[in-house]
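Participant: starting from these lines, generate the structure:
(2 chains)
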Amino acid sequence: MTRSSAWVAAAAAVATMFGVAARAETVHVTAAYYSDKTGPYFDKIAQEFHAANPGIDIKVDVVNWDSLLQKLQTDISGGTNPDISIIGTRWLLDFVKDDQAEPLDGYMDQAFKDRFIGTFLAPAQIGGKTYGLPIAASARALYFNKDLFAQAGISAPPATWDEVQQDAAKLKAKGIAGFGLQGKAIETDVYWYYALWTYGGDVVGKDGHAAFAGDAGVKALTMYKSMIDKGLTEDGPTNYTREDLQNLFKQGRVAMVITAPFLINQIAAEAPKLNYGIAPVPKETTSATYAVTDSVVLFKNSKVKKAAWKFLDFLFTKQPRIDFTKGEGFLPTTKAEAEDTYFTTNERLQTFVKLLPSAHFAPTVTGWEDTAKAVSDAVQSVYVGKAEPAPALKQAAGIADQALGK
Amino acid sequence: MRAVRRAAPLLLILPSLLLALAVIGYPLYEMIRLSLADVSRFGQIRGYVGLANFARVFADPVFLSALLRTLEWTIAVVGGTVLVATPTALILHQNFWGRSLARTLVMLPWAISLSMAAIVWLWAFDGDHGMVNASLRSLGLMSGNVQWMARAETAFPVEIGVGILVSVPFSVTILLGGLSSIPGDIYEAASIDGASRLQAFRFLTLPLLRSFINIAIVLNVIYVFNSFPIIWVMTQGGPDNSTHILVTYLYELAFRLGRPGPAAAVSLVMLAIVFSFTMIYVRLQAREQSA
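Facilitator: Got it, this is the predicted structure:
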């Protein structure tokens, strides 16, 4: 390159920079870190979107789940929050109460609403308004290790809790930890709700009171505790987080674990030889699972709402959705992606999809986090033998009622 | 004229004094304001509620047990640190082959961030693959695995041990500094007078080292009392709140449960405790000097 042409090129580069800067709007997006695929996915989407809309820049921040809420909390207090963020749908109420989230109904037409599978849009609707779009959805089911089952002479996955206990006893006789029970950190409560719901109980009743300390709750917790006492779970459940249990399962050191569909992708990457199957959550009287959505919200104080909406519109079209859901191992939230053969022919994922009609979502009520904490504390105290099921749950219900404002 | 001269030093330090007051004062002011308010998760003040946040915190049994446990934690970690650091510093003060290597090894843990150290120890105490269980098994001290973090009875002592371990390098540094300030000739004089080594330690080293030990205690109390990463990384205050100290309880209150108001109240209580401890120390120092 000659000197003069270099100058021309530099001048042109400067000119384009200024030209774009004068027109460009920047949309700041905070995304949750789901896996090592999350960052590259959003970078790619941002680029594609920018190529189609040169006037809009997308800046993505990927933040660890554990610190996401804290980061948003700090950002919002300081007025430096992003325009769009992924949040846990169960946090949404706090955002709405503080008038942080923009209602999206004004931006959506019927065709846009129809893109979504209705079950997943509902959790982010509060007081008749939609505040979030479901970007990720998951449900829970029972993963079982076929090889370990074969060693203990078990041919089919357990359908009831009685069968879980019988199978775990057979596995124990072979020196294998049968049922993986979570007792540490976030979602300790959820792991017990599986049993609670299938015994016909509920966490929060229709009247808004804590309902988990009822008959079903006591039975469910007594059942879990008896499994610990008989050695049908891994040793010391209060030492195991959800990730720890998943790791045990990947290593073939526990035969059953209840968790979300994304474990499928993890196993494929980390333990491809593991011979496993997926079955519905064992039941007692009713069939149940826990379903979770994460939502994308638009902040009320955003100055680039139109541009941000345009990005959301793009994010929820078919191909970006398929890429995301496939990469992270979630369930489809839009109808178009659900029709893709990757999902329709995937037997394992279909097990989860079929459970959705009986799914419980975390209710959007004030005090849900406190309720979760109270329940986690109560079940932990029972797991370590410090308290009996009935009084522990009753005490937790008292704390929960206070938090629920009842 | 005289008045001006007397005021001159004060005037000279006034700018930095004001800066210090602003830096310390503003957060304190914010904290007091939040502690008296009904604050939403995102920092919006919905109204002032007087001392209700304090009442709520003091009525919480988890707070009270965390308060007691904080005292246990602080006393155990600081006491343990001094007990380990003093002999370590004495040994490292001796002249022996490889001393600089030994000194480096003792100081090394200091270079590791607390959270990293806590994670490493969490792995070491892992029930299934941990090096601690493996070592105990291969030594034949036990047959099965111990799930260290599953119960407070084992988890909390382990956390205290890690706390001691990470506090030792800092304390050793202070004590080594103290030891090098003791002149060598007094030992010669003492040995000529027929003092045994134990006597020399009791009547020379210990009294001369005392003010350094005091400094180590005070600084460690302040650090350890507020030390968050070890417990948060290893047990998050669980199971069933049985390993919470005030600072982890505070964090959970503020960021898990989204209640900045009561959290601010807790942090003021913590400030008062640390402050009163410092005051006691200053009083003790003053008495010692006048005596």
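Participant: what residue lies at the spatial centre of the chain?
Facilitator: In the absence of a named chain, chain A is used. Among the residues of chain A, A:Val292 comes closest to the average C-alpha position under CA atoms, centre = their mean, at 4.7 Å.
Participant: right idea, wrong chain: chain B
Facilitator: Centroid-nearest residue in chain B, with CA atoms, centre = their mean: B:Val224, separated by 1.7 Å.
Participant: show me which residues of the stretch 1-150 of chain B sit near chain A.
Facilitator: Of all the residues in the stretch 1-150 of chain B, those in contact range of chain A (CB under 8 Å from any CB of the partner chain) are B:40-44, B:127-128, B:144-145, B:147-150. All C-beta spots, glycine's among them, are computed from the backbone N, C-alpha and C.
Participant: go on, the stretch 151-291 of chain B?
Facilitator: Residues of the stretch 151-291 of chain B that fall close to chain A, judged by CB under 8 Å from any CB: B:151, B:235-236, B:238-242, B:252, B:255-258.
Participant: mind checking which of those are buried?
Facilitator: B:151, B:235-236, B:238-242, B:252, B:255-258 (16 or more other CB atoms under 10 Å in any protein chain shown).
Participant: picking up where we left off before, SS state for the residue nearest to the centre of chain A?
Facilitator: Using DSSP: H, G, I helix; E, B strand; the rest coil, the secondary structure recorded for A:Val292 is strand.
Participant: try A:Ile58
Facilitator: Following three-state DSSP, the label given to A:Ile58 is strand.
Participant: how many neighbouring residues does it have?
Facilitator: 25 (other CB atoms under 10 Å in any protein chain shown).
Participant: what's the answer for the one 10 residues further on, then?
Facilitator: A:Leu68 sits with 21 neighbouring residues when counted by other CB under 10 Å.
Participant: leaving out the residues flanking it, which one is nearest to it?
Facilitator: Taking CB to CB, 6 or more residues apart in numbering or on different chains, and ignoring the residues beside it in sequence, A:Leu68 has A:Ala32 as its nearest neighbour in space, at 5.4 Å.
Participant: the one you found should be in a helix, yeah?
Facilitator: No - counting by three-state DSSP, A:Ala32 is not found in a helix; it is strand.
Participant: contacts only, for it.
Facilitator: A:38, A:62-65, A:68, A:86, A:294 (CB atoms under 8 Å, 6 or more residues apart in numbering or on different chains).
Participant: considering the residues you listed, which is situated nearest to chain B?
Facilitator: Chain B lies nearest to A:Leu68 out of the contacts of A:Ala32, by CB to the nearest CB, at 10.7 Å.
Participant: hmm, A:Val204 and A:Pro363 touching each other?
Facilitator: Yes - distance between A:Pro363 and A:Val204: 5.6 Å, which falls inside the contact criterion (CB atoms under 8 Å).
Participant: pull the contacting residues for the residue of the stretch 51-200 of chain A found nearest chain B.
Facilitator: Of all residues in the stretch 51-200 of chain A, the one sitting closest to chain B is A:Ser77 (3.4 Å; CB to the nearest CB). For A:Ser77, the set of contacting residues under the criterion of CB under 8 Å, 6+ apart consists of B:42-43.
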